[in-house]
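Visitor: What follows is a predicted protein model with its sequence.
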Amino acid sequence: MNTDNNRRRVVITGMGVVAPNAIGVSAFAKALQEQTSGIRFDPQLADLNFGCQVSGTPQITEELLADNFTPLQLRGLKASGLVYGVIAGKEAFKDAGLEIASPEKALSEMGIIFGTGQSGGEKFREAIHLIDDKKVRRLGSTSVIQTMTSGISAWLAGELGCGNIVTSNSSACCTGTEAFLMGYERIAAGKATQMLVGSTSDSGPYIWGGFDAMRILPTKYNQDPENASRPLSEDAAGFVPGSGAGAFILEHLGSAQKRGAKIYAEVLGGAVNSGGHRADGSMTAPNGQAVQDCIHLAMKDAGVTATEIDAINGHLTATSKDAFEIKNWSTAFKLKGAEFPFINTFKSCIGHCLAAAGSIELVGAVLQLKEQKIYGNSNITSIHPEIMDVIDKKSFPLSSKYVDLNILAKASFGFGDVNACVLLKKYSS
């Protein structure tokens with residue numbers, strides 16, 4: 001374990017999630033346990049002649065909107081990622097048992113780092129048409145906050161009254177895991193007591209169109225959406241576009257103990273890095289050595305060895321790079337065959353939620369530690385032979401089961417050749 005006496009211990013005291021297969025932490029836990037898919041036929045993509053016509057889009061009800069937004073706030077609100085992030089962030093805050101700041105004074109010891117990839121695609125589209133039609137005054141007063149990257153963190157800060165650092169990061173698929181680590185580091189360094197961290201991603205064709213053009217989305221499952229996302233499988237056909245948000249309250253252990261908060265898990269440490277588009281790395285492909293270095297740096301920061309890690313929640317997107325990721329984990333750990341820990345991915349049920357992927361999947365990873373179980377991998381017809389050459393099939397549970405978990409690794413590897421890895425531990429005082 002980490003022995004840095006100057007580093008404060010950090011725990012998770014609240015979570016919130018808006019996922020394609022469930023909204024709310026308890027519903028999400030049930031959906032992962034039962035391996036419920038949230039991937040559906042998407043008529044909008046079909047109408048626009050996308051090759052891939054399925055998506056993982058959260059099902060937001062009018063009741064849920066009314067619970068989280070005023071009628072005035074909902075007027076002209078088209079930024080779906082902002083909606084998802086606000087719902088998840090407010091759930092995490094409530095789940096942690098915290099109180100909104102008074103009208104007179106902000107919470108100086110609580111900050112926000114909440115990231116996104118692109119914000120307000122639908123709002124941008126509306127704005128472009130209005131401006132081109134010389135109707136700029138019809139844009140409305142919220143067009144800026146809906147389309148600026150930091151709109152989500154600024155909105156949550158106003159809702160909750162957070163007065164420490166309030167910012168947004170953006171690192172493609174690494175965004176959520178990176179935000180989590182940034183918040184952890186701020187508390188560990190004594191610069192904040194509590195941090196609301198997470199990430200969100202918009203839904204829709206204006207976010208997903210570029211990926212369809214790159215032909216990295218599945219096109220053969222438009223009539224069979226629940227089977228479209230097939231991580232680890234020999235017949236994986238590309239990642240299913242998804243969206244949503246995940247959120248956490250990270251807190252200094254002493255503060256959590258003092259107020260009697262429930263504790264989901266402890267954060268041991270982690271690392272972020274980049275392959276710099278060198279060697280086998282590029283804008284769209286990971287540098288294998290950099291991935292391994294990130295894993296090594298995360299273990300060093302957390303003060304753990306590979307043999308102490310009981311499970312991995314991987315990035316594993318259902319592309320040709322799944323086998324490469326397994327190889328990098330195995331090389332970094334120096335573990336092969338039956339020695340390799342459990343590994344799973346939730347993308348078979350939720351798709352690839354892009355900037356929200358890390359945070360949504362981190363919620364599931366934390367639930368595994370809290371509930372002492374591994375959620376099953378779905379849609380594996382036959383494990384890819386290149387994976388089977390490296391590790392044993394027992395590492396890939398096909399159904400959810402109870403296991404003894406003490407330490408879990410969660411990683412995200414993103415466009416731009418960027419990497420993030422965090423180590424979590426079952427909480428013990």
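Guide: Sure, I can see it.
Visitor: Which secondary structure state does the residue lying farthest from the centre of the chain sit in?
Guide: In the chain, counting by C-alpha atoms, centre = their mean, residue 134 sits farthest out from the average C-alpha position, at 39.1 Å. Here residue 134 is recorded as coil under DSSP: H, G, I helix; E, B strand; the rest coil.
Visitor: Quick check: pLDDT value at it.
Guide: Looking at residue 134, its pLDDT reads 92.
Visitor: before we move on, what about residue 4?
Guide: Reading off the model, residue 4 has pLDDT 64.
Visitor: And for residue 130?
Guide: 88.
Visitor: Check the burial of it by counting its neighbours.
Guide: 16 (other C-beta atoms under 10 Å). Quick note: C-beta positions are derived from backbone N, CA and C, even for glycine.
Visitor: same question, residue 104
Guide: Neighbour count of residue 104, defined by other C-beta under 10 Å: 6.
Visitor: And it, how far from residue 154?
Guide: 20 Å (C-beta to C-beta, to the nearest Å).
Visitor: ditto for residue 205
Guide: Applying C-beta to C-beta to residue 205 and residue 154 gives a distance of 26 Å.
Visitor: ok, now residue 136?
Guide: 23 Å.
Visitor: Same drill for those two, tell me which one is more crowded.
Guide: Between residue 136 and residue 154, counting by other C-beta under 10 Å, residue 154 is the more crowded of the two (17 against 11).
Visitor: Does whichever strand or helix holds that one pack against any helices or strands, and if so which?
Guide: Assigned by DSSP states H and E, residue 154 falls within helix 151-160. Where contact means 3 or more C-beta pairs under 8 Å, 6 or more residues apart in numbering; DSSP states H and E, helix 151-160 is packed against helix 80-95, strand 110-116, helix 143-147, strand 166-167, strand 194-201.
Visitor: which stretch in the ones you listed is the model least sure about?
Guide: Across these, the stretch with the lowest average pLDDT is helix 143-147; it has a mean of 91.
Visitor: Can you pull the phi and psi angles for the residue farthest from the centre of the chain?
Guide: phi 60, psi 40 (degrees, to the nearest 10).
Visitor: Could I get the contacting residues of it?
Guide: By C-beta atoms under 8 Å, 6 or more residues apart in numbering, the contact list for residue 134 is empty.
Visitor: Return the set of buried residues in the helix holding residue 154.
Guide: The neighbour-count check on helix 151-160 (16 or more other C-beta atoms under 10 Å) flags 151, 152, 153, 154, 155, 156, 157, 159, 160 as buried.
Visitor: worst-scoring helix or strand of this structure, pLDDT-wise?
Guide: Counting by mean pLDDT, DSSP states H and E, the chain has its least confident helix or strand at helix 121-132, which shows a mean of 85.
Visitor: Identify each buried residue in that helix, please.
Guide: 121, 122, 123, 124, 126, 127, 130.
Visitor: repeat for stretch 272-292
Guide: Neighbour-count burial for stretch 272-292 [16+ other C-beta under 10 Å]: 272-275, 281, 285-292.
Visitor: in its sheet, what does the helix or strand hosting residue 18 sit against?
Guide: Remark: residue 18 resides in strand 10-19, with elements defined by DSSP H and E. In the sheet, strand 10-19 lines up against strand 22-23 (antiparallel), strand 244-252 (antiparallel), strand 265-274 (antiparallel) (DSSP bridges).
Visitor: tilt between the second one and strand 194-201?
Guide: Read it as strand 244-252. Counting by axes from the mean of the first three to the mean of the last three C-alpha atoms, to 10 degrees, strand 244-252 lies at 170 degrees to strand 194-201.
Visitor: relative to helix 151-160, how tilted is strand 244-252?
Guide: Using the same axes, to 10 degrees: strand 244-252 against helix 151-160 is 60 degrees.
Visitor: With only the CA atoms kept, save strand 244-252 in PDB.
Guide: Taking only C-alpha atoms (Å, rounded to 0.1, in the frame of the first residue of the first chain), the coordinates of strand 244-252 have been written out as PDB:
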ATOM      1  CA  GLY A 244     -24.300   9.300 -20.400                       C
ATOM      2  CA  ALA A 245     -22.500  10.500 -17.300                       C
ATOM      3  CA  GLY A 246     -20.900   9.200 -14.100                       C
ATOM      4  CA  ALA A 247     -20.100  11.200 -11.000                       C
ATOM      5  CA  PHE A 248     -18.400  10.800  -7.600                       C
ATOM      6  CA  ILE A 249     -17.900  12.500  -4.400                       C
ATOM      7  CA  LEU A 250     -14.300  12.000  -3.400                       C
ATOM      8  CA  GLU A 251     -13.500  13.000   0.200                       C
ATOM      9  CA  HIS A 252     -10.700  13.100   2.700                       C
END
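Visitor: hmm, back to that, let me have the buried residues of helix 121-132 in a markdown table, extended by distance to residue 27.
Guide: Below are the buried residues of helix 121-132 laid out as a markdown table (distance: C-beta to C-beta, whole Å):
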| residue | distance to residue 27 |
| --- | --- |
| 121 | 26 |
| 122 | 26 |
| 123 | 28 |
| 124 | 31 |
| 126 | 32 |
| 127 | 34 |
| 130 | 38 |
